[in-house]
Structures are given as structure tokens and as C-alpha cells.
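**Q** Turn this into a model:
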Amino acid sequence: MTLDEDTPFMHAALEQARLAWDAGEVPVGAVLVIGGEIVGRGYNQPISACDPSAHAEVMALRDAGQHLANYRLPGSTLYVTLEPCVMCSGAILHARVSRLVYGARDPKTGAQGSVLDLFGEFPGQGFGQRFGQVARLNHHCTVTASVLADECGAMLSAFFAERRASRRSGLARDRLARDSNRCIAGSGVVAASAALRIRRAPCGCKPAPTDTVSQRKQMKLRINLATQELDLLDDSEAVLRRYPISSAANGPGEAAGSYCTPRGQHLVRARIGAGQPLNTVFKARRPTGEVYSPELGAAEPERDWILTRILWLSGKEPGYNRLGTCDSMRRTIYIHGTPDEGFEQAPRSHGCIRMRNADLVELFDRVPAYTPVEIVENV
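**A** Numbering: from 1, shown residues only. As a prediction, this is how the structure comes out:
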């Protein structure tokens, strides 16, 4: 492929990196492409997922493998905003990815020439070719480096600059301490483990005292469009909590531009807004600096308010709610807060699922990324 053909897919990877930033993670994103179609997406989330292997590349490979029902991904191209590390490079090899395209180089852990040249072990490439050594890895993966490198590097630099500035001001310290206490409540972690608490803090989770990561990952959401209700279910599908919601005024539907609520199997692809004040206003998934009030609503009556938290949904059924013109994530289908004074438990939205803000905060704190979501017309 040419640079012009690679650029749109790297922009898609950058959009995934922005999700990582929104979640308080180092902003690295990846997409996997087969036949000109994105079949897998992922962003960096080792802190929020409590998973040291949850790098963007691995998450994109997992996503593609699940949806294609195959752990081998031949003929695919992986686009990632940062040079992969040794772990991710190994996953790329085992998945039989045909081509790797990355943006910024990683001088600390990059395994494609910056620190190591793992892919130089392939026949006819890099280290093995330059020094006449026999290639010892049997899979051949071509590498294209530095696509949108300046843009990818600028995002990383801006993220770390913002984090340093926050630490100097003391704001980050207060927030991390608060979120740390939430994350470790009842976990048995001793107070002296300050460093561990700081690393866990950005996940924004607030489990119950007896809750565990494995238990939280078994939860499921079911949205009933007929009754306008969202149920939080446990692994036996017993209802733990029921919330009123408002779905699309145009009814159910999967087509892009329909302003309908998609049906079928989904998952929570991204959790955005952890720690933000109630009624925080979002635009393009970033806080605008505004806090909604009835006066603000009266001043802009036609504005579609997205408040407090966002759970961004991704479809799981190719051809129905995933990929092409029916892709729920591309349609930016969210579960999000809405002005409480105008909330009705009736179809009123532009396609998303609206909730009262206090209900959404409660749900958000109990639901990790990748929680299954089923949207049905009736049960």
C-alpha cells in the first residue's frame, strides 16, 4: 500500500489512542485491517483492565480474532501509533500478521529497531540481512515505519506534558488519592503500597467491598427498547439493578445516518469521563469545560447534551452492527448522561442510550471495559 492508503488507517489508530487518553492511559491505539476493512480495534488499557498485556496491539488482535473466529490473521495489516514492544511483536508473529505499520518510534522499548530489531530476524530484512545472519523466525512480516510519526509522537508528548503539569499543580495527587481509595476498597492492599495505588488509580473503578475483577468482568447489560429499561445482570443473568433509559426517537435500526438505536450483541469498548463532576459536558468525547445547568440548556435548546460519563458501544455481529455502514462504534453509539429535568423514559434520543446522571455514575463505576451489552426490542 502507498502512504496515501496507509494514512486513513493510521488516523483510525490515532482515534483509538485518544480513547486511551480519555481513560487516563498512555495514548497508544491500533487497528487491524484486512481487505481494506477495519476488523479489529484496540487502545492501551493495562491500568484500567488491571492487565499488563493489555497493550493496544494485543487488544486489536484479540478483537479481530474474536470477530473472525480465528487466532490466525493472515493477509492482515496492523496499524499502531507507537513502535511495538517485544511482547506485542511476539503476538503479531503468532497471529501471522502480514504487515506492520507504526507511527512514532519508541526509544525505550521499541522492538523494530529502536532498542531491538526483532523483526530483523525475518528472511531478507533488518538485522539478519545487514549482518548476514541466518533468520531464525519462520514468519515473515513486512514493516513500514514513521507513518504520521509527528502526529503520533505529538499526542504522546502532549499527554505526558499534561500529566507533569497536573502533578506540579497538585491536582493529580488529590485525584489519584481519591480514586486509589476507591480502587483498593476491600482488596486487602495495605496502605503502605502507595506506588501500586497510584498505578491503579486512573481506572476510575469503585467496586463493592466484596467485588473482584473476575466478578466484575462477568457482568452483562441488557437494554430493552420496548420497556425503555437497562438491566445490570450477573453471570446467572439475575437482575442486580434496573435503570430507566431513553433510546432513539426513530426506533431501532442499524444503518449509519438513521439516528436509530442498534440492536444485537455489543460490548463496552471505552469508558470515558471517570472522576469528572456530575453534569460535565462532553463534545467528541472530551470535556468542554462546561458543567450543564438549566440556564445553559435554555440558552442552547437544540443542543444534544452528552453529560457526566460515556460508555462507548461496539457491535459484535459483523454485517449487522459491526463493520461497513452498520458499525455501531463508527456511528458513535453511547450510553451517556442527559439533562435530568428533561429526561423521559421514552424514545427521545438521536440513537444513543440516555440515562439520568446519578444512575449513569452508579452504572459506570460497576461496569469495566468489554462488558457484554445486549440490545433487544423485547424480552
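
**Q** Would you map the helices across the stretch 151-300 of the chain?
**A** Secondary structure of the stretch 151-300 of the chain, counting by DSSP state H, counting those that start in this stretch: helices at 171-183, 194-200, 213-217, 294-299.

**Q** Relative to the whole chain's centre, how far out is the last one?
**A** The chain centroid and the centroid of helix 294-299 are separated by 31 Å, computed with CA atoms, centre = their mean, to the nearest Å.

**Q** do the same with stretch 148-167
**A** 18 Å.

**Q** That stretch: which residues count as buried?
**A** Within stretch 148-167, the residues that qualify as buried are 148, 149, 151, 152, 153, 155, 156, 159, counting by 16 or more other CB atoms under 10 Å. Quick note: C-beta positions are derived from backbone N, CA and C, even for glycine.

**Q** which residues touch that stretch?
**A** Contact with stretch 148-167 is made by 7, 10-11, 14, 17-18, 21, 26-28, 81-82, 103-105, 172-173, as judged by CB atoms under 8 Å, 6 or more residues apart in numbering.

**Q** cool, stretch 6-18 as well?
**A** 27-31, 33, 38, 41-44, 56, 60, 77, 79-81, 101, 103, 144, 147-148, 151-152, 155, 285.

**Q** What subset of these is buried?
**A** Applying 16+ other CB under 10 Å to the contacts of stretch 6-18 flags 27-31, 33, 38, 41-44, 56, 60, 77, 79-81, 101, 103, 147-148, 151-152, 155, 285 as buried.

**Q** Out of the contacts of stretch 148-167, which sit inside strands?
**A** 81, 82, 103, 104 (DSSP state E).

**Q** that older thread, just the buried residues from the contacts of stretch 148-167, in ChimeraX please.
**A** Buried subset of these, written as a ChimeraX selection, criterion 16+ other CB under 10 Å:
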select :7,10,14,17,18,21,26,27,28,81,82,103,104,105,172
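
**Q** Tell me which residues touch residue 220, please.
**A** With contact taken as CB under 8 Å, 6+ apart, residue 220 is in contact with 232, 233, 234, 235, 237, 371, 372, 373, 374.

**Q** oh, I was asking about residue 19
**A** 29, 43, 269, 270, 272, 285, 312.

**Q** burial count for residue 137?
**A** Using other CB atoms under 10 Å, residue 137 is surrounded by 16 other residues.

**Q** sec struct for it, please.
**A** Here residue 137 is recorded as coil under DSSP: H, G, I helix; E, B strand; the rest coil.

**Q** Nearest to the spatial middle of the protein, which residue is it?
**A** Central residue of the chain (CA atoms, centre = their mean): residue 270, 3.6 Å from the mean position.

**Q** Settle this for me: it is touching residue 25, isn't it.
**A** No. Residue 270 is not in contact with residue 25 according to CB atoms under 8 Å; the separation is 10.4 Å.

**Q** any chance of the buried residues of stretch 148-167 in TSV, plus distance to residue 48 and pLDDT?
**A** Converted to TSV, the buried residues of stretch 148-167 look like this (distance: CB to CB, whole Å; pLDDT from 0 to 100):
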residue	distance to residue 48	pLDDT
148	25	94
149	27	94
151	24	91
152	21	93
153	23	91
155	18	89
156	18	92
159	15	86
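
**Q** so residue 144 touches residue 103, yeah?
**A** No. With contacts counted by CB under 8 Å, residue 144 stays clear of residue 103, the gap being 10.2 Å.
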